[in-house]
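# Generate coordinates for the sequence data below:
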Amino acid sequence: MGSAGTGDEIASIDEEFQHHFAVASERLASGDTEGAREPLRRAAARLPEDATALGLLGQACYRAGLFDEAAAAYGRLVDENPAEVSARVNLGLAWLKGGKLADAVKQFGIALDLDPDHRRAMGYLGLALLESGKPREARPWFERAGSPGMLARCDALIGDREGGPPPAPPPVAPPVVDVAAPAPPEPPVARPARAPLSSGGLGAFAAQRTVRPPPEIFAVEGGILHVAVRGDLVCRLDGLFAVRGPVTTRPEVKRFRGKLTEKPFGAGRERMNRISGDGALFFRTGGWVFTVVDLAGDAGYFREDAVFALEEAVVFENGRVPSRHSRDLDLVHLRGRGRMLLRTVAAPVAIEISGSEPLRVPPAALVGWTGAVTPRIGLLGAGGALPDAAPPPGTPVMVEMVGDGRVFVDPDAATAE
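Residues are numbered from 1 along each chain as shown. Here you go, the predicted structure:
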């Protein structure tokens, strides 16, 4: 009797969680972040250990300006998995926006201790220090993050306070692998005097650290992206640190009007590759947010560099939106009954548009769209129009979306560049 009662209770909790989570997901998909908060609260209360519900609750509260509640949700994620860097960064952002700067500095510092190459954490740590009135301490973080505008702001504040230019920063060793990435800084948090001791022999040590890929083709767990290879798929190789099983790769080329071309699909480490075999790929998430999308027979256009991987069942065709004001926008049209993997700075949101209400977003923030939508690139002029004549220098470049459908936007991408 006791065992049956326990099973019924667990099933009831699961069903209630699924109901609240489904309601929240539907509202988030329609752009109703405010309406999604309460069902997300209830879902997180039913299954407090569910990382997806906690992450979405934190995101919904953050966007509503409920920074303490967002921090509580992200804090629970950190408690569940202290080594998850993205949860630490999100917790630091909630503290930063809520004005609790010392807590924000602490979380960004721990995130960089876990992943010294995390550029977003570098920039956010610099911002937290700058808002704490410490431009000299903030400056090296902005330099490592590659933020020239914030560097200039620090220099101006230091010059105003001290009546002269800031001292030259200490030399930084160049990165070994990726010359485009900044060198790993020295983490600002204190390291333990002694390394942790693992007892029980090598068997226990290995058991504690064994990475077990879940059965899904795309999954993120513990800061690691798992990609299962069962036949063919198309995937980038940036962040790859291990390959298991008989797996082969060959560079993928673009397709135009249903025909293969000689043009590479992506460049360098960002190039798409056709992966074949039976095994698994293991990637570092590197602070990115990965989202699995099941097309289920639908079709959509996506910014080329936002698409990280495609199942073989997904049909793709490349395209481009020309621009006179910036580089052209490379796109990929996807359709079919398969899953795709998006890689973005933050979890993407959907904004509904109609023919009478065009939407304008910076190119870096555009993830993609579905529906009868037409894009064009221009400069944001007075009154929000996109004039043909060039406006004053410094006017931001925008992608204007016209039609009926939904546009997927990465809220943090424009500020991360």
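# burial count for S354?
11 (other Cβ atoms under 10 Å). From N, CA and C alone the C-beta is placed, and that goes for glycine too.
# quick thing: my sequence starts at 865, can you match it?
All right, first residue 865 from here; so that's S1218.
# Who does it form a beta bridge with?
E1221 (DSSP bridges).
# do A1092 as well
The partner residues for A1092, given DSSP bridges, come to A1144.
# and it, what is it in contact with?
Neighbour list for A1092: P1077, P1079, E1080, I1081, F1082, A1144 [criterion: Cβ atoms under 8 Å, 6 or more residues apart in numbering].
# now, which of these sits nearest R1003?
F1082 (38.9 Å; Cβ to Cβ).
# What residue spans form the domains of the chain?
Listed by automatic domain parsing, the domain ranges of the chain are 866-1026, 1211-1281.
# which of the ones you listed sits most buried?
domain 866-1026 (a mean of 19; mean count of other Cβ atoms under 10 Å).
# Mind checking the pLDDT average for that domain?
Across domain 866-1026, pLDDT averages out at 81.
# Check stretch 1145-1163 too.
90.
# Quick one, which of the domains of the chain gets closest to R1138.
domain 1211-1281 (21.9 Å).
# Quick one: distance of the closest one to the chain centre.
Counting by Cα atoms, centre = their mean, to the nearest Å, domain 1211-1281 is centred 19 Å from the centre of its parent chain.
# Can you show me the helices along the chain?
Ranges of helices within the chain are 866-893, 897-910, 915-927, 931-944, 949-961, 965-978, 983-995, 999-1009, 1012-1026, 1065-1073, 1277-1280, based on DSSP state H.
# Tabulate those (a markdown table), appending distance to G1103.
Listed next are the helices of the chain as a markdown table, based on distance: least, Cβ to Cβ, whole Å:
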| stretch | distance to G1103 |
| --- | --- |
| helix 866-893 | 27 |
| helix 897-910 | 29 |
| helix 915-927 | 20 |
| helix 931-944 | 21 |
| helix 949-961 | 13 |
| helix 965-978 | 15 |
| helix 983-995 | 13 |
| helix 999-1009 | 18 |
| helix 1012-1026 | 26 |
| helix 1065-1073 | 19 |
| helix 1277-1280 | 17 |
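# want to throw the domains of the chain into TSV with distance to G1202?
Formatted as TSV, those follow (distance: least, Cβ to Cβ, whole Å):
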stretch	distance to G1202
domain 866-1026	19
domain 1211-1281	16
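# Next up, the contacts around L1230.
R1167, L1193, P1239, V1263, V1271, F1272, V1273, D1274.
# residues touching the fifth one, list them.
To tie it back to what came earlier, the one meant is V1271. So V1271 contacts A1214, I1215, I1217, L1223, V1225, L1230, G1232, W1233, V1237, M1265 (Cβ under 8 Å, 6+ apart).
# Surely the fifth one touches P1275?
No - in this structure V1225 lies outside contact range of P1275 using Cβ atoms under 8 Å: 9.9 Å.
# Out of the contacts of V1271, list just those in strands.
A1214, I1215, I1217, L1223, V1225, L1230, G1232, W1233, V1237, M1265 (DSSP state E).
# Redo these as CSV? Include pLDDT and distance to T1125.
What follows is the ones in strands among the contacts of V1271, written out as CSV (pLDDT from 0 to 100; distance: Cβ to Cβ, whole Å):
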residue, pLDDT, distance to T1125
A1214, 93, 31
I1215, 94, 33
I1217, 92, 32
L1223, 91, 31
V1225, 92, 29
L1230, 94, 24
G1232, 95, 21
W1233, 95, 24
V1237, 90, 25
M1265, 90, 27
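# Could you let me know which of the residues you listed ends up closest to L1021?
V1225 (31.1 Å).
# my guess is G1200 meets G1164, correct?
No - G1200 is beyond contact range of G1164, at 11.0 Å (criterion: Cβ under 8 Å).
# Please name the nearest non-neighbouring residue to K1127.
K1118 (4.5 Å; Cβ to Cβ, 6 or more residues apart in numbering).
# which ones are touching F1154?
Per Cβ under 8 Å, 6+ apart, neighbours of F1154: F1082, V1084, L1089, F1172, L1205, L1206, R1207.
# Let's see that with 10 Å instead.
Contact criterion Cβ atoms under 10 Å, 6 or more residues apart in numbering gives 950, 1082-1084, 1089, 1091, 1147, 1172-1173, 1205-1208, 1211 as the residues in contact with F1154.
# Now it: closest residue in space that isn't a chain neighbour?
Excluding the flanking residues, the one nearest F1154 by Cβ to Cβ, 6+ apart is V1084, at 5.2 Å.
# Closest one to L1243 out of the contacts of A1092, please.
Using Cβ to Cβ, the contacts of A1092 come closest to L1243 at F1082, 37.3 Å.
# Okay, the closest one and P1004: tell me how far apart.
Distance of F1082 to P1004, computed by Cβ to Cβ, to the nearest Å: 36 Å.
# How about A1211?
Between A1211 and P1004 the computed distance is 30 Å (Cβ to Cβ).
# same deal with R1017?
In terms of Cβ to Cβ, R1017 sits 14 Å off from P1004.
# now swap in P1186 and tell me
P1186 is 40 Å from P1004, by Cβ to Cβ.
# again with M1204
M1204 sits 38 Å away from P1004, going by Cβ to Cβ.
# again, but for E1216
On the measure of Cβ to Cβ, E1216 and P1004 end up 43 Å apart.
# now the contacts of F1154 as a markdown table including distance to E880?
Listed next are the contacts of F1154 as a markdown table, based on distance: Cβ to Cβ, whole Å:
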| residue | distance to E880 |
| --- | --- |
| S950 | 28 |
| F1082 | 28 |
| A1083 | 25 |
| V1084 | 26 |
| L1089 | 31 |
| V1091 | 33 |
| F1147 | 35 |
| F1172 | 34 |
| A1173 | 33 |
| L1205 | 30 |
| L1206 | 29 |
| R1207 | 33 |
| T1208 | 30 |
| A1211 | 24 |
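# For the residues you listed, work out which two are farthest apart.
Longest span within those, Cβ to Cβ: V1091 and A1211, 19.5 Å.
# Hmm, L1174 and L1205 touching each other?
Yes - between L1205 and L1174 there is a contact under Cβ atoms under 10 Å: 7.5 Å.
# what's the overlap in contacts for the two?
L1097, C1099.
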